[in-house]
Every structure is written in structure tokens, then in C-alpha cells.
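> Next come a sequence and a model predicted from it.
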Amino acid sequence: MLAISVEPGTGNQPGSGNQDPPESTNNNPQQTQAPSFQIDPRFANLPPEEAIARTVQSMVTPLHQQIKELTEKEKKYTSYLDSLSLITEDPEARRAFIRELDPELVQPEDIDDVVKSKLDKKYGTDFKVDREEAANDHWSKSAKYLRDMEHMYNEEQEKSSKQTYKTFAEIKKEIAGRKIKAKENEDKQLSDIQVKYQLNDATVNDFIQYLSKATIEDHFLNYRNVRKFDNNTSIASVPGSGLTLNEKMKKVDNLFGNSRF
């Protein structure tokens, strides 16, 4: 137990300054003198044990309050950072945030533009409607165009009247839920691996650290080891005489191009 010496005159006993001084520690170099403990003057008239306890409590209580306040601030600022990341990374969340901040900044899609885009995609941007042809020939391309245009307008108007928007808080909660579910799934997979291969906690933690630092090249090297792939052998085994550099590069692209991942 840590020894605490009360400075002379700080206790409640008369003549406390005449108490025997603590034994000298000069003969024992390994023993160190405990620092003096200043009793709070408010508790100087209490018994020494209680005075010390009350003094310590008076110092600890404000620290607990500061820790509580700092913890609340940390939660608040962590939430701010999460929201900022969400606004930056997720288009739907970004639109919801702006819509709640100022609805006029997020205008709904113009139905005319939506319908025209769909018609241009179906009939081509160069197509011109001949209304006389449409009136005289029900099965003409112009007549089909006008019928499609009317149908698309009705469809978009109905969709617009029923459209509802998620709030930013709802989107944030949904994404947080997906992350929690993904983390739970990841933890279950790690637990299954630990049981299957009889791994200790230290090995599992080391594997987790490896995953957090692994690069694309690391994953490729693992892939190559699993596939037992040797790039020199594979290229050299191509039928025919020697390959040109461009042919070799093309062969490598075929093996490891975007279509492979």
C-alpha cells in the first residue's frame, strides 16, 4: 500500500508538527520517500483518515465529471464525422441531407425531361414525329411514338405522386444497420474458422491485423499460390516459336485482365 505522509500542521491533532519524523531511508537505497499529501483545508479539522479520504474524493469527483463531459463530446463529434462521411460517400444520403437543409436546393426530376430521354432512347434522337401520318395511320411509327409518350407521361406522373423520400436519419440508420450485420457476419466467419482450424485467440487477432493491412498485391500473391500459377511457365508454354513483347503483354492481360476479377 502506498504510504502517504501528511504535511505537518495539516491534521487535526494538536502539536501534529511534533510527531516523530519518518524513518530515514538513507540506509536503504531501494526505498523512496513517499511524496507529501496536502490535506484540503476544508477537512483539516477531521480525523486524519477521513480528512485524507475526503480530500481524495474532492479531487476525484471533478475528474469523473470531466470524463463524463468529454465522453459525451466524443460521442457527438463521432456522430458528426460519421454523418460527414455518409454525405460524402452516399448520393442518396447527400440528397436527403440537402433536402432537409433547404428543400428548394433539390428539385424533383422534370417529367418532360424524363419522358424525352426515354423516347430518345427508344426511337433515336433524330426521329421527328409526323402528326398527320399518326392521324392517318394508327400503326405508323409516329402514332406509336405519340401513344408511348402519353403512356410514359401518365406513368411518371403516377410515380411522382406516390414518391416518398427517406430522411437523412433513416438512411444513416439503415447504413449503420447494414454495417453491423456485415460485422456480425464477419465475426461469425472468424469464429467458424477458429473452431474449424483450432486456432488460439492470438493467431486470430494476428490474422485480423493481416487482413486490415493486406494490399491488392498480397491478395494476388495468395491467389497465385492457390492456383499454383507460374507466370514464366505459363507464358513459355504458349504454342509456337518465341512471343513478341506485345504478344506476351496481351497474354498476361488475358490472364489477369479486368474480366478475371
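Ah, there it is. The structure presented is a predicted model; accordingly, all values stated were derived computationally and were not measured.
> switch to C-alpha atoms for all contacts and neighbour counts from now on
OK.
> Going by length in residues, pull out the top helix of this protein.
Longest helix of the chain, by residue count under DSSP state H: helix 48-89.
> Could you name the helices and strands sitting against that one?
helix 91-101 (3 or more CA pairs under 8 Å, 6 or more residues apart in numbering; DSSP states H and E).
> okay, which residue is most central for the chain?
In the chain, the residue lying closest to the centroid (CA atoms, centre = their mean) is Asp82, at 7.1 Å.
> between the longest helix of the chain and helix 91-101, how big is the angle?
Helix 48-89 and helix 91-101 are oriented at 110 degrees to each other (axes from the mean of the first three to the mean of the last three CA atoms, to 10 degrees).
> Run a quick neighbour tally on Ile171.
Look at Ile171: counted by other CA atoms under 10 Å, it has 19 neighbours.
> Ignoring the adjacent residues along the chain, who's closest to it?
Leaving aside its sequence neighbours, Ile171 sits nearest to Ala93 (CA to CA, 6 or more residues apart in numbering; 6.2 Å).
> domain parsing for the protein?
Annotated domains of the chain cover 5-63, 109-162 [automatic domain parsing].
> From start to finish, how long is the shortest one in a straight line?
This stretch, domain 109-162, spans 14 Å end to end (CA to CA, to the nearest Å).
> tell me the mean pLDDT for that domain?
The average pLDDT within domain 109-162 is 88.
> Check the offset of that domain from the chain's centre.
Between the centre of domain 109-162 and the centre of its chain there are 44 Å (CA atoms, centre = their mean, to the nearest Å).
> Among the domains of the chain, which comes closest to Tyr197?
domain 5-63 (46.7 Å; CA to CA).
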